[in-house]
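Novice: Got a predicted structure plus its sequence, pasted below:
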Protein chains: 4
Amino acid sequence: MIQFQCDYNEGAHPLILQRLAETNMVQTVGYGEDDYCDEARGLIKCACEKHDIDVHFLVGGTQTNTTVIAHTLRPYQGVISAVSGHINVHETGAIEATGHKVLAVPSPDGKLTARQIEEVVVAHRNEDGPEHMVQPGMVYLSFPTEVGTIYTRNELEAISAVCRKYGLPLFVDGARLGYGLCSPECDITLPQLARLADVFYIGGTKVGALFGEAVVITNEGLKRDFRYSIKRHGGMLAKGRLLGIQFATLFTDNLYMQIAQHAIDEAMRIKAALQAKGIEFLIDSPTNQQFPIFSNVQLEELSKDFRFSFWQQVNDTHTAVRICTSWATKSENVEKLISKLKVLH
Amino acid sequence: MIQFQCDYNEGAHPLILQRLAETNMVQTVGYGEDDYCDEARGLIKCACEKHDIDVHFLVGGTQTNTTVIAHTLRPYQGVISAVSGHINVHETGAIEATGHKVLAVPSPDGKLTARQIEEVVVAHRNEDGPEHMVQPGMVYLSFPTEVGTIYTRNELEAISAVCRKYGLPLFVDGARLGYGLCSPECDITLPQLARLADVFYIGGTKVGALFGEAVVITNEGLKRDFRYSIKRHGGMLAKGRLLGIQFATLFTDNLYMQIAQHAIDEAMRIKAALQAKGIEFLIDSPTNQQFPIFSNVQLEELSKDFRFSFWQQVNDTHTAVRICTSWATKSENVEKLISKLKVLH
Amino acid sequence: MIQFQCDYNEGAHPLILQRLAETNMVQTVGYGEDDYCDEARGLIKCACEKHDIDVHFLVGGTQTNTTVIAHTLRPYQGVISAVSGHINVHETGAIEATGHKVLAVPSPDGKLTARQIEEVVVAHRNEDGPEHMVQPGMVYLSFPTEVGTIYTRNELEAISAVCRKYGLPLFVDGARLGYGLCSPECDITLPQLARLADVFYIGGTKVGALFGEAVVITNEGLKRDFRYSIKRHGGMLAKGRLLGIQFATLFTDNLYMQIAQHAIDEAMRIKAALQAKGIEFLIDSPTNQQFPIFSNVQLEELSKDFRFSFWQQVNDTHTAVRICTSWATKSENVEKLISKLKVLH
Amino acid sequence: MIQFQCDYNEGAHPLILQRLAETNMVQTVGYGEDDYCDEARGLIKCACEKHDIDVHFLVGGTQTNTTVIAHTLRPYQGVISAVSGHINVHETGAIEATGHKVLAVPSPDGKLTARQIEEVVVAHRNEDGPEHMVQPGMVYLSFPTEVGTIYTRNELEAISAVCRKYGLPLFVDGARLGYGLCSPECDITLPQLARLADVFYIGGTKVGALFGEAVVITNEGLKRDFRYSIKRHGGMLAKGRLLGIQFATLFTDNLYMQIAQHAIDEAMRIKAALQAKGIEFLIDSPTNQQFPIFSNVQLEELSKDFRFSFWQQVNDTHTAVRICTSWATKSENVEKLISKLKVLH
């Protein structure tokens, strides 16, 4: 059974395992204050072309989202997110667990718009007795989104501008950041993102690491005491070195972008094969997640050899699934899928 | 500089790295539902000689303490702990972050007594208007404690009995469990512990793993929906396989106990050398953490070659430090320390 | 300026003030354990025709909603509510402040349906990996709703049945309960409601009291330790007697229903006058809140003498407002409004 | 049975009831934005001799403490309090419910010292890895304390100075403020207090009102959005006018101080009678709470006619109780107590 259901089916890039093995018995201090973490911080600052930033390493996405949002908001504030945002649907209320409402805004393509954000803020401020409602306090968006779409540079600049106009920090969830940046449709770079977001993270878990997310704080006002927030939310890894080593490896010799590009290339081949076959898509994604709509007969046939994620029942006869590629996707497996697609009825 | 300041200075036991490398490209499902996790669960059940238990894998200690306690308590309940308990002093209020008070009880040796627990509960129930105070809802203790001491089997049985008498689940923090079980003064076994505690964890981070704590739930009433609690607290690792592989390795061929025994043997050699030198101890610890009191002159001399944790200023001329051994401690480094101690003024 | 903008413009029914004055210097114990509270509890049990219920008195609605919901849910559970539910929009995130998500369901008329509730629960249980999402844990509905509508007995029975089928406690926010029960379209009685809901409250603040909400818990499983939850949420009034005296007065000689009926009668007169004039309504409400849509010219004219609540901009030329009556509404003021409506252009 | 067990045994001062009755049918807006609240704010500003302050009205003490503390602290911060502080022992974990630890400092007389505060802060800052511990974020003290003692002006100035030195807002719980200010040993005035505290409240519940606490915010940095915090914690009274009317009455013609003085006078008479009889005290209190230690025989005799609060079992034969006076204490009842004391064995 060949698995395409997610982008965390395998372990880590071999260079990471190698580096972990090489450094295994070196003694370091704990909690992210070791030399490997420092090295990784330096490399990430270079990749962002920005040195007045703080870089912290956390283990997973939900933990990172929770920590950043709880650190940023005042108690009575909420975070604006697309309805489909990961924090709104797939984190078991982890944001609410810290006392904050997710102010969910409808979005068929998974993306917020600058206009939506402005509308939420203006509506709140115009309210008679605004203190009876949750105050919008920051904006959360995913790049790429949970349905594989990406923001253009213009869109992000407009969002960033409206956020700054109203004093809302902009937080970008980059759990799949590499897969966004390497998309053929992407017109923004990491340094540009670092200029537009107040805080964002570079996902490692889904892009070559065993685990790990690198949080980049660019907004001076959010830097203070962030380590307290990490610890309070149970995110401070005792052997912080493991995060330092992984991110140092990923940000050496452009490895992060290189392996993300591989995932995108394989995804685009699959997408082309699906299009060639006349398969429709739930949404048009330019990244490593593809959402084809198969007839149930087709799906049954494919499921003999391949595992996808069920996504949505489109109608009685058709089903949308998610097909993911990743840094680890073997080209031979993609070949097998394409061959199978060609002969599909 | 040889580091004895904590038990997480190095990476992981080589067999763990090896197993991670061997399985790296095997595709699995995520979130702890893979075969490696199942294997590890089975091995832990065998080690506990108990099969009606639930086993979950989390990444770190603070996260585990928070998740278990928030899962167990009713909103208006608190957790009884020694003042020196990790949850009371070293977790940046992570328990309070979930809405619960730590009901801290004084304890010079880091241990709670059955009598103290009973006193807290009885005092609460006898209160006029008990609802104005936090209701004791569970008991937390560390085995070994934060100052290296361990409970005897009789002590734990008495504590367990009083907990059951009053309906308080007993939660044992086993971040250093192996180092407690292998202590020459320990008269309790893992299966016995599993019979006395309602929930406990087997620490991996400090005993051979890169990271990871295995939570064992024996109390039927606490099992329901625990995975929701893990996810809500950001503790559900995407590549859960990493935890399964590590614990499966640790619980194969008795590795966990064997490497813990090594740490204890080295700690006892250091303890003996300190005693031979007439050094006093802040507390008499039979486990891998030792708390000698050095004169400041001695400490300065030792600090040229060795790093310890500062623990407490005893008086103007003397300082207590913590010396830790672990699964990774090299005997040659212990030799160097002992040699140095012998010639110390 | 005559005020119709809400149902808490005045103080309390004169009989309440009188009773407060008469009992003022009587010494009682605090926190709701006095004889007046006991008397009120007994009267409410009689009114509910149910004696195996617990009755508690709180000060305000948001506090009551928060206390009941936080008391009922497990940490990872959320509460199902209409999007327009008070807890979802007008409580500054007080529910989220206790760590729980509001699972908001669309509802143009402010009412949930049994089918919607079942769909939410079934969708959740069918989810692959349900623990990544908030678990539906209870149902919240308002009677009457925030837009004045009421549930029929059949609707409530269907909702109650689906709640019991899936083990979800049903919580009815009765901040305006009297105005619902006295509606000409209401086909349910207080005893019937007490049979269908697991917990509900009888609103005093908007129906004759200075303040106060009487929480009725009918579900045995929710009764335990509710006083702890009240205190923890800052809702335990020191001079609890004030709540006892007020509710004892309201539930003596049917005063509660009698004054609620007055509000409904006046509201129906206003509604009829609006209909006679050909004014459209945003929603057809059979209770004390009416939502007429005025042309902006009409509204400007009316605003010279009357104050309403702005509700919604319908289009460039028309605006929906809320007109409220209450126990305190003077018939002469209603006359003035009707007269003015008659001559309105 | 004459009740001396607390200072909330009766209703409200007759002038308050009278004013409530007179204004009962006046229509006002809700939520504390009415003219009566404005009037009361103005009067309190005058009484504080300070006009750049914000004044808010809440219903009860626990609610007020919770709201102020949660509004002031960053998530990872805690509040320094005496062990005996109300927030630490008698609020069912309401502070922890908002995610914050109470950093409790021992205090036999119920008072914090400037030195203790400085020690806590300095110890925290000197900690290696301070982010593993809760950061001290503000100071809470009660004036008078829970055991009736009061701070001198010098003590409060020293505390205020150390708070400002370290950037910790000072919060004074004035639930019994009047009884402190009227004590014969008090050398501080309300305007002086308003200069030293960053936020404090003037207790109404225990000093003549039916209920109500007036929060005064003097620190500019704490003023923003406080109404959001009130609402979020369920403390925004719909008929806010009730609070305005009560505080306007209390701060007209010096009523607040006048009725507090009465309580103190009666307490001092009781204290003198106890001293004359040779009764010892648990603590020497100069305010309306007295803590005599009776032999169990004496207590049994007194309990035939008088109700006190049990405070503490001193030894097998002696018990400390609390005797409270208040604005409502009748001199004839004090006479009866004194007469009884005179003939006590």
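Specialist: Sure thing, it's come through.
Novice: got a pLDDT number for the most centrally placed residue in chain A?
Specialist: Chain A has A:Ala175 as the residue nearest its centroid, 2.3 Å off, counting by CA atoms, centre = their mean. Note on A:Ala175: pLDDT of 98.
Novice: can you tell me how far it sits from A:Phe200?
Specialist: A:Ala175 sits 11 Å away from A:Phe200, going by CB to CB, to the nearest Å. Quick note: C-beta positions are derived from backbone N, CA and C, even for glycine.
Novice: my guess is the residue nearest to the centre of chain A meets A:Gly212, correct?
Specialist: No - using CB atoms under 8 Å, A:Ala175 is not in contact with A:Gly212, being 11.0 Å away.
Novice: B:Leu242 versus the closest residue to chain B within the stretch 51-200 of chain A, what's the distance?
Specialist: Going by CB to the nearest CB, chain B is nearest to A:Gln63 of the stretch 51-200 of chain A, at 3.2 Å. Look at A:Gln63 and B:Leu242: by CB to CB, they are 15 Å apart.
Novice: got it, and A:Arg176?
Specialist: Look at A:Arg176 and B:Leu242: by CB to CB, they are 19 Å apart.
Novice: With A:Val199 instead?
Specialist: 27 Å.
Novice: go on, A:Tyr8?
Specialist: Using CB to CB, A:Tyr8 is found at 10 Å from B:Leu242.
Novice: More neighbours: which of those two?
Specialist: B:Leu242 (27 against 24; other CB atoms under 10 Å in any protein chain shown).
Novice: wait, is the more buried one part of a helix?
Specialist: Yes - the assignment for B:Leu242 by DSSP: H, G, I helix; E, B strand; the rest coil puts it in a helix.
Novice: dump the residue contacts of it.
Specialist: Contact analysis of B:Leu242 by CB atoms under 8 Å, 6 or more residues apart in numbering or on different chains lists A:11, A:210-211, B:20, B:210, B:212.
Novice: Residue of the stretch 151-300 of chain A closest to chain C, please.
Specialist: A:His233 (13.5 Å).
Novice: And the pLDDT at the residue lying closest to that residue once chain neighbours are set aside?
Specialist: Distances taken as CB to CB, 6 or more residues apart in numbering or on different chains place A:Thr67 nearest to A:His233, at 4.5 Å, with adjacent residues excluded. Looking at A:Thr67, its pLDDT stands at 98.
Novice: and the angle from the helix or strand where A:Thr67 lies to helix B:61-72?
Specialist: Following DSSP states H and E, one finds A:Thr67 within helix A:61-72. Angle, helix A:61-72 to helix B:61-72, by axes from the mean of the first three to the mean of the last three CA atoms, to 10 degrees: 90 degrees.
Novice: anything in the next helix or strand after helix A:61-72 near chain C?
Specialist: Next along the chain after helix A:61-72, taking DSSP H and E as the criterion, comes strand A:77-82. Yes - Strand A:77-82 is in contact with chain C by CB under 8 Å from any CB of the partner chain, via A:Gly78.
Novice: any idea of the pLDDT on the residue in the stretch 201-345 of chain A positioned nearest to chain C?
Specialist: Nearest residue of the stretch 201-345 of chain A to chain C: A:Phe310, at 6.4 Å (CB to the nearest CB). The model reports A:Phe310 with a pLDDT of 95.
Novice: Adjacent strands (with direction) for the helix or strand harbouring it?
Specialist: A:Phe310 belongs to strand A:309-313 when assigned by DSSP H and E. Using DSSP bridges, the strands paired with strand A:309-313 are strand A:318-324 (antiparallel).
Novice: Report the rounded mean pLDDT for the strand it pairs with.
Specialist: Mean predicted confidence for strand A:318-324 is 97.
Novice: Quick one: name whatever helix or strand follows that strand.
Specialist: Sequence-wise, the next helix or strand downstream of strand A:318-324 (DSSP H and E) is helix A:331-342.
Novice: So what sits opposite A:Asp54 in the bridge?
Specialist: On the basis of DSSP bridges, A:Asp54 is bridged to A:Ile217.
Novice: Near chain B, which residues of the stretch 201-345 of chain A are found?
Specialist: Going by CB under 8 Å from any CB, the residues of the stretch 201-345 of chain A near chain B are A:205-206, A:210-211, A:228, A:231-239, A:241-242, A:328.
Novice: Can I have the buried ones of these as a ChimeraX selection?
Specialist: To isolate in ChimeraX the members of these that are buried, counting by 16 or more other CB atoms under 10 Å in any protein chain shown, one can use:
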select /A:205,206,210,211,228,231,232,233,234,235,236,237,238,239,241,242,328
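Novice: Restricted to helices, list the residues of the stretch 201-345 of chain A next to chain B.
Specialist: Using DSSP state H, the members of these that fall within helices are A:228, A:231-232, A:241-242.
Novice: Flag every residue of the stretch 201-345 of chain A that's near chain D.
Specialist: Contact residues (CB under 8 Å from any CB) of the stretch 201-345 of chain A with chain D: A:225, A:227-232, A:236.
Novice: one step back: how many residues are close by the residue of the stretch 51-200 of chain A closest to chain B?
Specialist: 24.
Novice: Could you do the one 4 residues further on as well?
Specialist: Applying the criterion other CB under 10 Å, we find 27 residues in the vicinity of A:Thr67.
Novice: which other residues reach the host helix or strand of A:His124?
Specialist: Element membership for A:His124, per DSSP H and E: helix A:114-126. Contact with helix A:114-126 is made by A:80, A:103, A:105, A:107, A:130, A:133, A:135-136, A:139, A:155, A:158-159, A:161-163, A:165-166, A:168, as judged by CB under 8 Å, 6+ apart.
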